[in-house]
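J.: what follows is a protein structure lacking sequence information:
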């Protein structure tokens, strides 16, 4: 498998795990093509052709090699590329990170539609919120979140680390939303199968996943109940493992009365306060371990067995990839639409 084939396989794998269904991902591409075609010709070269082929443009080859190369060795890190680029060079390996840098970071705001569009499946766009239809309310929050995310990166030197990788000759790939969708799909179907009754049961179900077990043993970071108490009933659960960052606080106004429990990867004090105000219980599923789960599921699906993997930067490779494949089949995790 060469690098381009690895990248293309990852995109197709992402569509398979998209919570909106494969058709929604292809619809995003058609919209971008129309936007591109409507631009004056002199502006098209600035559009970014990666947006026309990849519905998840925070998952990219951000430092391509001078010529296409075989994927033989991967240094895999959740983030902290500044610490591992030289290590990848020493290993003569391709660098694969989860959190986006470079042009993938600049595209991060384009990951939000996957999150907001998936809310329709939970009935969150039904009824009224703050005097307006819930669907319109969600659209307003989505537009604001995308704008704020885009503005956040405008002042950053997003090419700093990719330039360093280019200087030392390290090809670099990032897999963000695609890996997040794998984790989301897997945990969602596992919870549906196990049907936890209390928040404590939710933690116990999460702790059956090896990535969370490893995190608990190595770093003492594990899933835990942030709001509600372990004996509280779960009610209707919303899983939040996809998006450009933490869900906007205002989303909890739409969750009130529709969702009883939300499972997140991280939540600051303001987000916790919004959850508490709207009487939504909260469980944290551990950020880095959730990212590791998604990366492992993706790699188990598309990576040839003969590729050497060097885990670092918080990533831990699960030694039994067949376990992942079997569980994915058992719970029909990757059923496309």
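T.: All right, it came through fine. Quick caveat, the model's predicted, so the values are computed rather than measured.
J.: C-alpha only now, for contacts and for neighbours.
T.: OK.
J.: so who does the residue nearest to residue 235 when sequence neighbours are not counted touch?
T.: Counting by CA to CA, 6 or more residues apart in numbering, residue 235 lies nearest to residue 260, which is 5.2 Å off, once chain neighbours are set aside. By CA atoms under 8 Å, 6 or more residues apart in numbering, the residues touching residue 260 are 234, 235, 236, 237, 238, 279, 280, 281.
J.: please apply the same query to residue 99.
T.: Counted by CA under 8 Å, 6+ apart, residue 99 has contacts 78, 79, 174, 175, 176.
J.: let's see 6 Å
T.: 79, 176 (CA atoms under 6 Å, 6 or more residues apart in numbering).
J.: so for stretch 37-52, first residue to last residue, what's the gap.
T.: 11 Å (CA to CA, to the nearest Å).
J.: now do the buried residues in the helix ranked longest in the chain.
T.: Using DSSP state H, we find that the single longest helix of the chain is helix 134-154. Using 16 or more other CA atoms under 10 Å as the test for burial, helix 134-154 gives 134, 135, 137, 138, 141, 142, 145, 146, 149, 150.
J.: can you get me a residue count around the nearest residue to the third one once chain neighbours are set aside?
T.: The one in question is residue 137. Of all residues beyond its chain neighbours, the one nearest residue 137 is residue 129 (6.7 Å), with distances taken as CA to CA, 6+ apart. Look at residue 129: counted by other CA atoms under 10 Å, it has 19 neighbours.
J.: and residue 129, how close does it get to residue 246?
T.: Using CA to CA, which is the criterion applied here, residue 129 is 20 Å from residue 246.
J.: also residue 189?
T.: 22 Å.
J.: can you check residue 199 too?
T.: Going from residue 199 to residue 246 by CA to CA gives 21 Å.
J.: over to residue 148?
T.: As judged by CA to CA, residue 148 and residue 246 stand 13 Å apart.
J.: circling back: now the helix or strand just after the longest helix of the chain: average pLDDT?
T.: Sequence-wise, the next helix or strand downstream of helix 134-154 (DSSP states H and E) is helix 160-168. Across helix 160-168, pLDDT averages out at 96.
J.: relative to the whole chain's centre, how far out is helix 160-168?
T.: 24 Å (CA atoms, centre = their mean, to the nearest Å).
J.: can I see the domain layout of the chain?
T.: The record's domain parsing of the chain by automatic domain parsing lists 3-176+289-318, 183-287.
J.: more neighbours: which of residue 199 and residue 246?
T.: residue 199 (26 against 15).
J.: so that one makes contact with residue 227?
T.: No. Contact criterion CA atoms under 6 Å: residue 199 and residue 227 do not qualify, at 9.4 Å.
J.: neighbours of residue 172, just the number please.
T.: Using other CA under 10 Å: residue 172 sits among 26 other residues.
J.: all strands in this protein, in order from the N-terminus.
T.: Counting by DSSP state E, the chain has strands at residues 60-63, 73-77, 94-97, 128-129, 132-133, 172-174, 224-227, 237-239, 261-264, 281-284, 308-312.
J.: give me the nearest residue to residue 4, chain neighbours excluded.
T.: The shortest distance from residue 4 to any non-neighbouring residue, by CA to CA, 6+ apart, is to residue 68 (7.1 Å).
J.: look up phi and psi at that neighbour.
T.: As for residue 68, its main-chain torsions (degrees, to the nearest 10) stand at phi -60, psi 140.
J.: and stretch 104-119, end to end?
T.: End-to-end distance (CA to CA), stretch 104-119: 24 Å.
J.: and the contacts of that stretch?
T.: 20, 57, 58, 146, 149, 150, 242, 243, 244.
J.: ok, which pair from those is furthest apart?
T.: 20 and 150 (23.0 Å; CA to CA).
J.: let me see the contact set for residue 30.
T.: Contacts of residue 30 (CA under 6 Å, 6+ apart): none.
J.: quick one: the helices in the stretch 151-300 of the chain?
T.: Assigned by DSSP state H, counting those that start in this stretch, the stretch 151-300 of the chain shows helices spanning 160-168, 177-194, 199-206, 210-219, 251-255, 269-277, 287-302.
J.: tell me what angle the longest one forms with helix 199-206.
T.: Counting by axes from the mean of the first three to the mean of the last three CA atoms, to 10 degrees, helix 177-194 points 120 degrees away from the direction of helix 199-206.
J.: average model confidence for helix 177-194?
T.: Helix 177-194 comes out at a mean pLDDT of 93.
J.: what's the answer for the last one, then?
T.: In this model, helix 287-302 carries a mean pLDDT of 94.
J.: okay, now residue 266: neighbour count?
T.: So residue 266, with other CA under 10 Å, has 19 neighbours.
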